[in-house]
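Student: Sequence below, structure please.
(one chain, ligands or ions: 1)
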Amino acid sequence: MMEPGYRSVSRRDSRSLVGYKHACHAMLHAPLPSSLSPFQMQMRFDGKIGFPGGFVDIRDHSLEDGLNRELAEELGCDQKLLCVTESDYRSSHATDAMPQKVVAHFYIKQLSLADLHRIEVAAVHAKDHGREVMGTIRVPLYTLRDGFGGLPAFLTNTFIGNAKEQLIYALRTLKLLSEEAIQTAISAGQEG
Ligand SMILES: O=c1[nH]cnc2c1ncn2[C@@H]1O[C@H](COP(=O)(O)OP(=O)(O)O)[C@@H](O)[C@H]1O
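Tutor: Numbers count the residues shown, from 1 in each chain. Okay, here's the model as predicted:
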């Protein structure tokens, strides 16, 4: 499933696309053997939910340098605590949708629960906190007995760009939920 207008593109080919801006976003994740396995998104200034990150200038920096700079601004932590590398890279998708042509690169960074928690605490003191970022949030990976509370309800939020598809991709690729549970949450969210 992919948001209409987004097409998969390789990291390499994306660099030769003309007239596209490049954006990098990262999902921070602490593996735990339970459905409470925390992973993080953020509430943006525009009321949409997305991952931390932002536009990067590929003329001056590598994708990862640009992403780490954005993460430092939005999460207020230094690179000793959080440093995304090329090995965390997962996917790239290009869109021609207005107002600008964008390639969205996506990363998943696995951390210990203690470090994820340190990052959440540091985020309150970040430069962008209360300006562009209203707060970090955790994604519920469970569904309540009513069939809607938890992940299905979370999926009814409004997401920026293809962040919802990146989220679902992450659930699948990290095998945090079964395919059936993911499909059920998506359908329940659409009906709810
Ligand atoms: O979590 C995300 N996943 C995918 N695309 C996103 C996400 N957040 C923002 N975008 C898109 O990435 C681009 C950069 O937006 P963002 O607000 O992150 O950058 P900025 O803070 O550098 O202006 C925009 O095209 C936006 O729609």
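
Student: what about residue 125, distance to residue 118?
Tutor: Residue 125 is 12 Å from residue 118, where distance means C-beta to C-beta, to the nearest Å. All C-beta spots, glycine's among them, are computed from the backbone N, C-alpha and C.

Student: For the spatially most central residue of the chain, give me the pLDDT.
Tutor: Among the residues of the chain, the one closest to the centroid is residue 51, at 3.2 Å (C-alpha atoms, centre = their mean). We note a pLDDT of 98 for residue 51 in this prediction.

Student: again with residue 77
Tutor: Value listed for residue 77 in the pLDDT field: 84.

Student: and what of residue 61?
Tutor: Reported pLDDT for residue 61: 81.

Student: hmm, which helix or strand of this structure has the shakiest average pLDDT?
Tutor: Scoring the helices and strands of the chain by mean pLDDT, DSSP states H and E places helix 179-191 at the bottom, with a mean of 86.

Student: Looking at residue 125 and residue 118, which is more packed in?
Tutor: Neighbour comparison, residue 125 and residue 118: the larger count goes to residue 118, with 15 against 10 (by other C-beta atoms under 10 Å).

Student: Output the helix or strand encompassing the more buried one as CSV - backbone C-alpha positions only.
Tutor: Per DSSP states H and E: residue 118 is located in helix 113-123. Coordinates of each C-alpha in helix 113-123 appear next as CSV, following Å, rounded to 0.1, in the frame of the first residue of the first chain:
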residue,chain,number,x,y,z
LEU,A,113,14.8,1.4,25.7
ALA,A,114,17.0,3.4,28.1
ASP,A,115,18.4,5.5,25.2
LEU,A,116,15.0,5.9,23.6
HIS,A,117,13.7,7.3,26.9
ARG,A,118,16.7,9.6,27.2
ILE,A,119,15.9,11.0,23.7
GLU,A,120,12.3,11.5,24.7
VAL,A,121,13.4,13.5,27.7
ALA,A,122,15.9,15.5,25.8
ALA,A,123,13.3,16.4,23.1
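
Student: so how far is the next helix or strand after that helix from its chain's centroid?
Tutor: Sequence order places strand 133-138 as the next helix or strand after helix 113-123, per DSSP H and E. In terms of C-alpha atoms, centre = their mean, to the nearest Å, the centre of strand 133-138 is found 12 Å from the chain centre.
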